[in-house]
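Enquirer: Predicted model and sequence below, questions to follow.
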Amino acid sequence: MSEVVVQPCRSKNEPQLPAWGILLVNPSEACQAARISGQEGWTRHFLFHSNLHLAQSPPMFWAGPAVGAPMAVICLEKLIALGANRIIVCGWCGSLSPDLGVGELVLPTWAISEEGTSGHYPVAGRSESSPRLRKGLKDFFLGAGKELKEGPIWTTDALYRETREKVVRYGQKGVLAVDMECSALMQVAAFRQVELAAVMMVSDLLWQDPWLPAFQSKEFRTRSRGLVADLLRCVGALAAA
């Protein structure tokens with residue numbers, strides 16, 4: 001394999017991160033996390049065109065936003081270089097199944113890649129999310145009376161090229177939803193040998209004709225803010241264990 005020119009690294013004056021943290025894909029969730037961490041006295045650090053906030057007790061971090069596979073991978077690579085090795089991703093997804101409604105939570109197990117980033121990270125076999133982190137997430141959310149639906153997800157770069165044929169075909173194969181980051185993040189985690197899992201909230205229904213978006217609705221925004229608060233508590237509990 002040819003030598004890589006640019007390597008992710010920790011530079012002078014950059015923080016040493018704890019193992020546990022959250023990568024928030026969307027700007028609205030990052031804003032919510034900033035409000036919470038500001039109230040709790042987390043420290044803020046530079047992270048490209050994103051944000052990085054660090055707590056001391058329990059030791060954990062959150063970073064974001066990072067929309068799309070290329071930006072999400074740039075952030076993830078930097079977080080790993082700074083010391084992160086147990087990362088929970090939080091984002092939105094579009095449902096491919098009538099059994100999966102708006103506001104429900106998906107726990108991706110593996111992903112079909114239709115993005116251009118993961119191919120640059122060769123690994124043997126199929127990349128999957130961490131079973132151990134998935135169990136921790138399931139235990140926490142079930143304890144809070146909330147269900148997580150596990151299964152594969154479809155990741156694409158081309159938001160405006162999600163065809164009806166693909167929605168039907170992938171849905172019939174048991175693929176739960178579509179997003180723009182998961183397959184690349186799982187691939188990088190496997191390549192770098194760190195643990196990563198994701199919790200995705202259903203923001204729109206692609207199986208419905210016509211397409212039904214719900215990410216602007218008040219109810220969805222309320223649930224999305226609640227998910228951020230839940231994940232901060234969840235990762236805090238896992239980091240303290």
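Expert: Everything's here; your move.

Enquirer: Low-confidence bits of the protein, can you list those?
Expert: 1 (pLDDT under 70).

Enquirer: tell me the centre residue of it?
Expert: residue 89 (2.4 Å; Cα atoms, centre = their mean).

Enquirer: Give the bridge partners for residue 156, please.
Expert: Beta-bridge pairing for residue 156 (DSSP bridges): residue 114.

Enquirer: who's residue 128 bridged to?
Expert: residue 110.

Enquirer: residues in contact with it?
Expert: 109, 110, 186, 190 (Cβ atoms under 8 Å, 6 or more residues apart in numbering). Where C-beta positions appear, they are placed from N, C-alpha and C, glycine not excepted.

Enquirer: The first one contacts residue 130, correct?
Expert: In other words, residue 109. No - counting by Cβ atoms under 8 Å, residue 109 does not reach residue 130; the two are 10.2 Å apart.

Enquirer: Among the contacts of residue 128, the buried ones, what's the PyMOL command?
Expert: One line in PyMOL is enough to select the buried ones among the contacts of residue 128; burial here means 16 or more other Cβ atoms under 10 Å:
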select buried, resi 109+110+186+190
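
Enquirer: okay if I get the contacts of residue 128 as CSV plus distance to residue 13?
Expert: Shown next, in CSV, are these (distance: Cβ to Cβ, whole Å):
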residue, distance to residue 13
109, 39
110, 38
186, 31
190, 30
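
Enquirer: Can you pull the phi/psi pair for residue 86?
Expert: phi -140, psi 100 (degrees, to the nearest 10).

Enquirer: ok, it to residue 238 distance?
Expert: 8 Å (Cβ to Cβ, to the nearest Å).

Enquirer: Residue 12 too?
Expert: Taking Cβ to Cβ, one finds residue 12 at 30 Å from residue 238.

Enquirer: Between those two, which has more neighbouring residues?
Expert: residue 238 (20 against 4; other Cβ atoms under 10 Å).

Enquirer: What ranges does the protein have for its strands?
Expert: Ranges of strands in the chain, per DSSP state E, are 20-24, 43-47, 50-56, 59-64, 86-95, 105-114, 148-156, 177-179, 195-205, 212-213.
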